[in-house]
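Participant: how would this look folded up:
(4 chains)
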Protein chains: 4
Amino acid sequence: MENLGLAQYSQEIQDKVAQARQRVSDLHAELPRWGLVVWTAGNVSERVVVNESGPSTDDLFVIKPSGVRYEELTPEAMVVCDIKGQLIDGDRSPSSDTAAHAYVYEHMPEVGGVVHTHSSYATAWAARGEEIPCVLTMIADEFGGPVPVGPFAIIGDDSIGRGIVETLSNSSSPAVLMKNHGPFTIGKTAEAAVKAAVMVEEVAKTVHLARELGEPVPIPQEAIDSLNDRYQNVYGQ
Amino acid sequence: MENLGLAQYSQEIQDKVAQARQRVSDLHAELPRWGLVVWTAGNVSERVVVNESGPSTDDLFVIKPSGVRYEELTPEAMVVCDIKGQLIDGDRSPSSDTAAHAYVYEHMPEVGGVVHTHSSYATAWAARGEEIPCVLTMIADEFGGPVPVGPFAIIGDDSIGRGIVETLSNSSSPAVLMKNHGPFTIGKTAEAAVKAAVMVEEVAKTVHLARELGEPVPIPQEAIDSLNDRYQNVYGQ
Amino acid sequence: MENLGLAQYSQEIQDKVAQARQRVSDLHAELPRWGLVVWTAGNVSERVVVNESGPSTDDLFVIKPSGVRYEELTPEAMVVCDIKGQLIDGDRSPSSDTAAHAYVYEHMPEVGGVVHTHSSYATAWAARGEEIPCVLTMIADEFGGPVPVGPFAIIGDDSIGRGIVETLSNSSSPAVLMKNHGPFTIGKTAEAAVKAAVMVEEVAKTVHLARELGEPVPIPQEAIDSLNDRYQNVYGQ
Amino acid sequence: MENLGLAQYSQEIQDKVAQARQRVSDLHAELPRWGLVVWTAGNVSERVVVNESGPSTDDLFVIKPSGVRYEELTPEAMVVCDIKGQLIDGDRSPSSDTAAHAYVYEHMPEVGGVVHTHSSYATAWAARGEEIPCVLTMIADEFGGPVPVGPFAIIGDDSIGRGIVETLSNSSSPAVLMKNHGPFTIGKTAEAAVKAAVMVEEVAKTVHLARELGEPVPIPQEAIDSLNDRYQNVYGQ
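Facilitator: Predicted coordinates for the structure are as follows:
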């Protein structure tokens, strides 16, 4: 794949790219740590805003190279793409999921990070095409309602990206379960998207276990709204 | 949040706080070690007795700051609150579960440590609002009977604390499964409460597995009482 | 507990005890490594043969002290008991399961090591009082048939020991699932008993998973016998 | 077992054997890392091509010794066999599964590596004699269709090898679930076979979880073919 290079960008942008390479490289280590991926599966990306006015279709993003094992992932190994998924900088081909990440950055300017895994429990819900019901305070906190299912889509063109954007644009959830495939998560930063990937697997597992032996108790809608509002606006430092 | 400071307390109390900070920081490492938490979820606290006459509403407690990741948890990062959950010392906001911990310390003077997690199997029972039946010698030993369920309660006010206290005051169990939420455990020390958190997940998992393929054999009540008596009074050094 | 001391034994026996302390200490690390125990649960012991003529009721055994955490287990922390479970050497009380280990050494002279855990899947079968059927070549290899269930027994007297001996004396299996309690395993050495503890959890898990979605295919009895004969007599170095 | 020695081979072949010993030793560490094996179970082998014209029945392969624990596995501990499974070089007996590996190398010249485990979820499907249906994009990618079941076969003669070859010769899958036994996987290299062993456990687990709570949505055959073609021909560097 042709490598267009970063020379056309200012030193400031090149510095932001270098910092994003470091963060994205570090965050990939979280995926095996929390048991979300095996072998080379899964990927994290982060948007680099190019214009001072804010996110635009001029933006770049940093993403994992294709088919490289987790212990070989260094900041230098990460690749840089433009908003259409074209390779801008890096020695290797970008992840085969790059088109999906690019589509999200192009159509959701508020998104600063995207993560994709095939974590087992979340993917099991995706295989049945079944949303995860909001029966835990942790789901109300993090997702504000059920974790939705996105359409079945073939890998390679932008049909996965479209499915993600259409599903998440109508949801308070930062996670979508792509049918027969696995979860994609978004966040204001790559770290927030990684957190959502960890959390969607955790709640997918817990509700799976609850359902194996009966029916979880529903949480009233007003309690869901109250929990989500508090968590999104009060929690943390 | 305003920081009232420890200067009003004697050097002896300040030393006890420093020791509790160390213990509570160390004990947080047990939560990911035993697979009880992901990301920043879960928290451990320990009471610091202020009066020579014993536990009182003058006591302090040390707790995890809110939304901080486990690898950043040092003794210095821990925060100190009074029995009403007001911040006394620390650079960060206390855990969003602080009100629940405070309520337990205020109303159960025999409690020296409190732990909260969303560990998967225990939370699955909590999602169904179903107590864990006493069908293992380990449950008789540690819990003296079934692990009870507490009411559904909104996070933030003292309704969680009240639910914990009301449920555990009528039980030999050091663990309560708060409905749709997860387990809270108590102990004479923070270490004992952490042990109860580890054990409640272990028995929640084992009875879950047993129930998946049939019905566990009940243990006669007199055997439960005999096991619990022996364990609580003879076991250990 | 009174400490009778090792001074009455020859230097050769004292050296054998020291070696057994090292082995038993090392082998305890295998229990958390393979996920068989949490906190202080579980214990390993090894027989020390005292008479030149072979195993007898004069023998000693080395076992874990009671209620001590795995990271504190050193060769020096291990305790030495006689065949009646009386403390001979060590600064701490022996495991609360000592009477069961002692009973096995007294009544099964061919046994050189005993292990007890509450590993989750094996204990789930024990909670239902259900033997693990021999539906895997690994079970035929290691156990020579189903893994049997032993009676419910109260901890503390020798009723657990009697249940283990009665069940394993009539079985090719080195593992017994004590009802509502958990697995005990035996071996010619403590290492062999630890291996059996690892293997019984592995097959308990695999057959559990198989049964969750249907019925495993039975293995013909002559194939079981052939597999077990080959494995016990040919396998290894 | 008689050790025929490597002296009859050229220095070039001896160098290739040394490199294969290193790779096979390193790859064994992947089996416990991904939770595929316990204790000494499981083995990896790699073909060493002897003739310049390509794979032939003159080839050698490097394999794990029998009954040796994973932490003792060094390049020097590996053993070298000829295509009939006879020991050529090494201080220990080859794995008890050597005959099966040898049969595959003899009858499938395109195979450069073979792996065998008893990983829990894959073996659970094998215990029921049930293929893993292709209901995930990851299965379409890696296996090109369902993961097939091979016949029940006694260990020791070449009946396992024949079952593997007959099943995989009629399948796009690099993995076969040998009935009541466990998975065998093949690849162009030992690393590719290890990857297939990791992936078959991952998909066995995910489809197991999906099936526990309902029926996975089927993927249309043309989508399976399209995914597999893209993955096998485009993915990676």
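Participant: give the next helix or strand downstream of the lengthiest helix in chain A.
Facilitator: The single longest helix within chain A, with elements called by DSSP state H, is helix A:190-212. Next helix or strand after helix A:190-212 toward the C-terminus (DSSP states H and E): helix A:221-234.
Participant: centroid-nearest residue for chain A?
Facilitator: Among the residues of chain A, residue A:115 comes closest to the average C-alpha position under Cα atoms, centre = their mean, at 2.4 Å.
Participant: tell me which strands the helix or strand it falls within pairs with, and in which orientation.
Facilitator: Using DSSP H and E, residue A:115 maps to strand A:113-116. Strand A:113-116 has these partner strands in its sheet, going by DSSP bridges: strand A:43-48 (antiparallel), strand A:182-187 (antiparallel).
Participant: off-centre distance for stretch A:118-132?
Facilitator: 15 Å (Cα atoms, centre = their mean, to the nearest Å).
Participant: any residue of it up close to chain B?
Facilitator: No: counting by Cβ under 8 Å from any Cβ of the partner chain, chain B is not contacted by stretch A:118-132; separation bottoms out at 9.3 Å. Backbone N, C-alpha and C define where each C-beta goes, glycine included.
Participant: distance between the ends of that stretch?
Facilitator: Stretch A:118-132 has an end-to-end distance of 16 Å (criterion: Cα to Cα, to the nearest Å).
Participant: is chain C contacted by it?
Facilitator: No: shown here: stretch A:118-132 not in contact with chain C (Cβ under 8 Å from any Cβ), separated by at least 12.7 Å.
Participant: next, the contact list for residue A:212, please.
Facilitator: Neighbouring residues of residue A:212 by Cβ atoms under 8 Å, 6 or more residues apart in numbering or on different chains: B:124, B:208, B:212, D:212-213.
Participant: which residues of chain A score low on pLDDT?
Facilitator: For chain A, the stretches flagged by pLDDT under 70 are A:1-4, A:155-156, A:234-237.
Participant: mind redoing it with 90?
Facilitator: A:1-5, A:67, A:71-72, A:154-158, A:170, A:227-237 (pLDDT under 90).
Participant: what segments of it are helices?
Facilitator: Under DSSP H, chain A gives helices at A:11-28, A:30-33, A:98-107, A:120-128, A:137-143, A:159-169, A:190-212, A:221-234.
Participant: out of those, which gets nearest to residue D:69?
Facilitator: Residue D:69 sits nearest to helix A:30-33 of all the helices of chain A, at 23.9 Å, using Cβ to Cβ.
Participant: what is the closest one packed up against?
Facilitator: helix A:190-212 (3 or more Cβ pairs under 8 Å, 6 or more residues apart in numbering or on different chains; DSSP states H and E).
Participant: what about 6 Å?
Facilitator: Of the remaining helices and strands, none touches helix A:30-33 by 3 or more Cβ pairs under 6 Å, 6 or more residues apart in numbering or on different chains; DSSP states H and E.
Participant: now it: buried residues?
Facilitator: Neighbour-count burial for helix A:30-33 flags A:30-32 (criterion: 16 or more other Cβ atoms under 10 Å in any protein chain shown).
Participant: what's the closest of those residues to residue A:151?
Facilitator: Closest approach between the buried residues of helix A:30-33 and residue A:151, by Cβ to Cβ: residue A:31, at 24.4 Å.
Participant: how about the closest one: what's its closest non-neighbour residue?
Facilitator: residue A:37 (4.4 Å; Cβ to Cβ, 6 or more residues apart in numbering or on different chains).
Participant: count of residues packed around that neighbour?
Facilitator: Around residue A:37 there are 22 other residues, counting by other Cβ atoms under 10 Å in any protein chain shown.
Participant: so it sits against residue A:117, correct?
Facilitator: Yes: between residue A:37 and residue A:117 there is a contact under Cβ atoms under 6 Å: 5.4 Å.
Participant: which one of the buried residues of helix A:30-33 is nearest to chain D?
Facilitator: The shortest approach to chain D among those belongs to residue A:32, at 9.5 Å (Cβ to the nearest Cβ).
Participant: quick one: that closest one and residue A:70 touch, right?
Facilitator: Yes: using Cβ under 6 Å, residue A:32 is in contact with residue A:70, at 5.3 Å.
Participant: any idea how far residue B:134 is from the one residue in chain A that gets nearest to chain C?
Facilitator: Of all residues in chain A, residue A:212 sits closest to chain C, at 8.8 Å by Cβ to the nearest Cβ. Distance from residue A:212 to residue B:134, counting by Cβ to Cβ, to the nearest Å: 21 Å.
Participant: surely residue A:27 meets residue A:44?
Facilitator: Yes: with contact defined as Cβ under 6 Å, residue A:27 reaches residue A:44; the gap is 4.8 Å.
Participant: okay, and the common contacts of these two?
Facilitator: Residues touching both residue A:27 and residue A:44 by Cβ atoms under 6 Å, 6 or more residues apart in numbering or on different chains: residue A:190.
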